[in-house]
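Asker: below are the sequence and a predicted model; questions follow.
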Amino acid sequence: MPVSCSAYGCKNRRTSLSRRRGITFHQFPKNSGLRKAWVAAFRRLDFKPSNKTVLCSDHFTEADFDRTGQTVRLREGVIPSIFASFPNHLKKRPVKTRSSRTSSRALEPIPDLVHVPKCTVLPKPSFSDHHYALDPDQVKKKLFDAQARIEELQRQLRNAKDRERRQKLILRSLLEQLQHTGMVSEEMYNQLRQDSECWEDEPS
């Protein structure tokens, strides 16, 4: 069964002919305040629309439509205002949208009120929930470990320098013994002594 427009005296039905003419059909809004405004614009006694009741596009102005998508839609909050089939005594009182604050609030959707319990004790911030949070105790421990590592490396460096000095002293003593026993020539002794002094000058 074709869907028919519910406006007084309107003969438009949802058919292939009306589709070619560009006529669209729109259901009554679910918002109770806006639905009451539509019913008031109809001026039909004891009229109660159902979920399947529709109104055709002939009863809206061009500014009431949103044609940006594939489906023609009504803009939010619009009210039908064109009823050419009304009898003369109804046409004398055109329907106008009220602009008072009370009527505007009646058209607004009622938000769902959700009770949020008050929390008297604030939760402690967690430092482990995020990778960028820093735990002061962990930072302190890492600093102590790093300082202990630096001290250990400095101790190893001092020991290495001490061993190097002892080796140089031993080398010099051996050279002097070799020179006294005549096992190395004077020229060789001076060359080895000179090389030893060069080693001492090198940065450690």
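Answerer: Sure, I can see it.
Asker: pLDDT weak spots in the chain?
Answerer: 1, 86-134, 184, 196-204 (pLDDT under 70).
Asker: show me where it has its helices.
Answerer: 16-20, 32-42, 88-91, 101-107, 136-180, 186-201 (DSSP state H).
Asker: wait, which of the ones you listed is closest to Q70?
Answerer: When these are compared by Cβ to Cβ, helix 16-20 sits nearest Q70, at 14.0 Å. For glycine as for every other residue, the C-beta is placed from the backbone atoms N, C-alpha and C.
Asker: in the closest one, what's buried?
Answerer: For helix 16-20, a neighbour-count test (16 or more other Cβ atoms under 10 Å) marks S18 as buried.
Asker: stretch 35-47 now?
Answerer: Those buried within stretch 35-47 under the rule 16+ other Cβ under 10 Å are A37, W38, A41, F42, R43.
Asker: pull it out as CSV, backbone CA atoms only.
Answerer: C-alpha atoms of stretch 35-47 as CSV (Å, rounded to 0.1, in the frame of the first residue of the first chain):
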residue,chain,number,x,y,z
ARG,A,35,6.4,16.5,17.4
LYS,A,36,3.9,18.7,19.2
ALA,A,37,4.9,21.7,17.1
TRP,A,38,4.3,19.6,13.9
VAL,A,39,0.9,18.6,15.2
ALA,A,40,0.0,22.2,16.0
ALA,A,41,1.0,23.2,12.4
PHE,A,42,-1.4,20.5,11.0
ARG,A,43,-4.5,22.1,12.7
ARG,A,44,-6.3,18.8,12.7
LEU,A,45,-8.6,18.1,15.6
ASP,A,46,-7.5,15.2,17.8
PHE,A,47,-4.7,14.3,15.4
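Asker: any idea how far Q154 is from I79?
Answerer: Applying Cβ to Cβ, to the nearest Å, the value for I79 to Q154 is 86 Å.
Asker: do G69 as well
Answerer: Separation of G69 from Q154 (Cβ to Cβ): 74 Å.
Asker: of the two, which one has the most company?
Answerer: Legend: neighbour count by other Cβ atoms under 10 Å for G69 and Q154, higher for Q154 (10 against 7).
Asker: sorry, back to before: quick check: which of the helices of the chain is buried the most?
Answerer: helix 32-42 (a mean of 17; mean count of other Cβ atoms under 10 Å).
Asker: which neighbouring elements make contact with that helix?
Answerer: helix 101-107 (3 or more Cβ pairs under 8 Å, 6 or more residues apart in numbering; DSSP states H and E).
Asker: what's the residue lying closest to R14 once chain neighbours are set aside in contact with, if anything?
Answerer: Excluding the flanking residues, the one nearest R14 by Cβ to Cβ, 6 or more residues apart in numbering is V3, at 4.2 Å. Listed by Cβ atoms under 8 Å, 6 or more residues apart in numbering, the contact set of V3 reads R13, R14, F25, K52, V54.
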